[in-house]
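**Student:** requesting a structural model of the entry that follows:
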Amino acid sequence: MNLVIAGVPIRADAEGRYCLNDLHRAAGGEKRHQPSDWLRIQQTQDLIAELAIAGIPGIPGIESKQGLGTYVAKELVYAYAMWISAAFHLKVIRAYDAMVTQPTADPMTILSDPAAMRGLLLTYTEKVIALKETLAEQAPKVEALDRIATYSDGSFCIRDAAKNLQIQEKVLRQWLSEHDWIYRRPMGSGWLAYSEKLKAGLLEHKITTGTKADGSAWTDTQVRVTAKGMAKLALLVPPTGFVPPARDAGPRPHA
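**Tutor:** So this is what the prediction gives:
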């Protein structure tokens, strides 16, 4: 079912949102009614925020699509129409009611109607383009998660974390230090995790104790990257082409 207002077809995306640019054309296309001006209004921003809270999880109420325009939820369609004029608001309401109450079109009738076929092909093409854009946006995240998919249990010393992230150990250690994940105490020899990263569950400390040959006790604190930390690092730190050897079977006393 297609929404048509004042003779102008209003494009819809796969999530059921409508093209704000088409609505602008249906309203007459005046400069004073530009969607960008309406979107800057505080009341509009408040409505978008409310939709984000009460809407469908994972589907934003508004989305700009390169080359296709800005698509908005039905509630924003009504709000935009009301902002333009009471008359246009009424047209939108009636057009939407007509769309949802119209009988289902006969497929054979559509096939014999060139104009209807062009409309369907245009809608299909737009959906394919939108899907390709979504896949392109998600590709880096999918690749990053794939890099650690087989290492989701336990925690890793920095050396093993670097191997599994496909980067050099010194590169990862430097990155962690520069981005406030780990630090060294003055005169200290080992690395420690910042408390913020410990609380976030990205890093953890492994404390090992033992007895020296002279009978005195020794303590070693090792920074380890959790599975959650690995997932985060896989998104933040790009691989350098370093091919890791097989992971060591046992833990190491030092990172």
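
**Student:** okay, CA-based contacts and neighbour counts for the rest of this
**Tutor:** OK.

**Student:** neighbouring strands - and their directions - for the host helix or strand of residue 192?
**Tutor:** Taking DSSP states H and E as the definition, residue 192 sits inside strand 191-193. Here strand 191-193 has these sheet partners by DSSP bridges: strand 182-184 (antiparallel).

**Student:** what is the mean pLDDT for the strand it pairs with?
**Tutor:** For strand 182-184, the mean pLDDT works out to 92.

**Student:** list the buried residues in that strand.
**Tutor:** Using 16 or more other Cα atoms under 10 Å as the test for burial, strand 182-184 gives 182-183.

**Student:** and the contacts of that strand?
**Tutor:** Residues from elsewhere that reach strand 182-184 (Cα atoms under 8 Å, 6 or more residues apart in numbering): 176-177, 190-194.

**Student:** and that strand, how far from the chain's centre?
**Tutor:** The chain centroid and the centroid of strand 182-184 are separated by 31 Å, computed with Cα atoms, centre = their mean, to the nearest Å.

**Student:** where does pLDDT dip in the stretch 101-250 of the chain?
**Tutor:** Counting by pLDDT under 70, the stretch 101-250 of the chain contains low-confidence ranges at 102-112, 115-117, 119-124, 127, 130-131, 134-135, 137-154, 188, 238-250.

**Student:** circling back: any idea how far whatever helix or strand comes next after the strand holding residue 192 is from the chain center?
**Tutor:** In the C-terminal direction, the helix or strand that comes right after strand 191-193 (DSSP H and E) is helix 195-199. Averaging C-alpha positions (Cα atoms, centre = their mean) puts helix 195-199 24 Å from its chain's average.

**Student:** now helix 195-199 - C-alpha only, PDB.
**Tutor:** Taking only C-alpha atoms (Å, rounded to 0.1, in the frame of the first residue of the first chain), the coordinates of helix 195-199 have been written out as PDB:
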ATOM      1  CA  SER A 195      40.300   1.300  38.000                       C
ATOM      2  CA  GLU A 196      37.800   2.600  35.400                       C
ATOM      3  CA  LYS A 197      38.600  -0.300  33.100                       C
ATOM      4  CA  LEU A 198      38.500  -2.800  36.000                       C
ATOM      5  CA  LYS A 199      35.000  -1.600  37.000                       C
END
